[in-house]
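Student: Fold the following and give me the result.
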Amino acid sequence: MTPRRTPTGAAVLQPEVTRAITEAVLDELAEAGYGRLSMEAVAKRAGVGKSALYRRWPSKEEMIAAVVADFSVHRAPSPDTGTLRGDVLASLQAVYEWITHPRFSRILPDLISEAGRNAEIADFARVAIGGPRRDLARVAFTRAIERGELPADANLEMAMDLIAGPIYWRLIVRRAEVAEGYLEEVTDLVLRALGAAERG
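Tutor: So this is what the prediction gives:
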């Protein structure tokens, strides 16, 4: 979604109002879900008129897409700890915190269900959330190749799957707890799976 240029003479959008609307969208998604969320409820919760929403987004769907994408991509990991192990561990921690966020942990399963029924939502999640997050993760693995910690032909697509996959499966699908030391164990498994070189 490309940024739109404000037409000459158009009202300037107030950042504090945008923030209030964004918080209201996340709250409504967490409480009501995607299907039952309404522009009226968001406006009421944000303390604004519906026109404030439509000045920013032309539809409920675009509003939700923009808010969820912004929330998710801003929490995407882009660590540079100096080592592949440190970067993988930091990435896993960031994914864990994203998935277990008090509101987003209620929003994500609902969006996944909607995506199974709605191809547009599935495409949005892949392009607007998954794409940017994977691009950031790719940077860390590319640095590891340059440092000699990964082979030049390392499968980076699989590497990025390994960052999110175990945590998603454990928390969202199995609904199991993440015990102390779990992220460190997953880190070591990822490094072994990718054939990472030992650094000492």
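Student: What are the structural domain limits within this protein?
Tutor: As recorded under automatic domain parsing, the domains making up the chain are 15-59, 75-193.
Student: how long is the last one from one end to the other?
Tutor: The first and last residues of domain 75-193 sit 25 Å apart, counting by CA to CA, to the nearest Å.
Student: one step back: redo the domains of the chain as a markdown table? Include distance to Val68 and mean pLDDT.
Tutor: The way it works is simple: take the backbone N, C-alpha and C, and place the C-beta from them, glycine included. Formatted as a markdown table, the domains of the chain follow (distance: least, CB to CB, whole Å; pLDDT from 0 to 100):
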| stretch | distance to Val68 | mean pLDDT |
| --- | --- | --- |
| domain 15-59 | 8 | 95 |
| domain 75-193 | 7 | 93 |
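Student: Which of these sits closest to Ala65?
Tutor: Each of the domains of the chain was checked against Ala65 via CB to CB, and the shortest separation belongs to domain 75-193, namely 5.1 Å.
Student: so how far is that closest one from its chain's centroid?
Tutor: With CA atoms, centre = their mean, to the nearest Å as the basis, domain 75-193 stands 9 Å off its chain's centre.
Student: Could you find the closest non-adjacent residue to the spatially most central residue of the chain?
Tutor: To find the centre residue of the chain, average its C-alpha atoms and take the closest one (CA atoms, centre = their mean): that gives Ser72, at 2.8 Å. Beyond its immediate neighbours in the sequence, the residue positioned closest to Ser72 (CB to CB, 6 or more residues apart in numbering) is Ile129, lying 4.7 Å away.
Student: export the domains of the chain to a markdown table and tack on mean neighbour count and distance to Ala65?
Tutor: Converted to a markdown table, the domains of the chain look like this (neighbours: other CB atoms under 10 Å; distance: least, CB to CB, whole Å):
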| stretch | mean neighbour count | distance to Ala65 |
| --- | --- | --- |
| domain 15-59 | 16 | 8 |
| domain 75-193 | 16 | 5 |
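Student: closest one to Ala66 among these?
Tutor: Comparing the domains of the chain against Ala66 with CB to CB, the closest turns out to be domain 15-59 (6.1 Å).
Student: can you put the domains of the chain in a markdown table and add distance to Val67?
Tutor: Converted to a markdown table, the domains of the chain look like this (distance: least, CB to CB, whole Å):
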| stretch | distance to Val67 |
| --- | --- |
| domain 15-59 | 4 |
| domain 75-193 | 10 |
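Student: Show me where the chain has its helices.
Tutor: Remark: helices of the chain, listed N- to C-terminal, are 15-32, 39-46, 50-54, 60-73, 84-99, 104-117, 119-124, 131-147, 156-168, 182-193; assignment by DSSP state H.
Student: counting contacts, what elements does the longest one pack onto?
Tutor: Going back to what we said before, that points to helix 15-32. When contacts are defined as 3 or more CB pairs under 8 Å, 6 or more residues apart in numbering; DSSP states H and E, helix 15-32 packs onto helix 39-46, helix 50-54, helix 60-73, helix 104-117.
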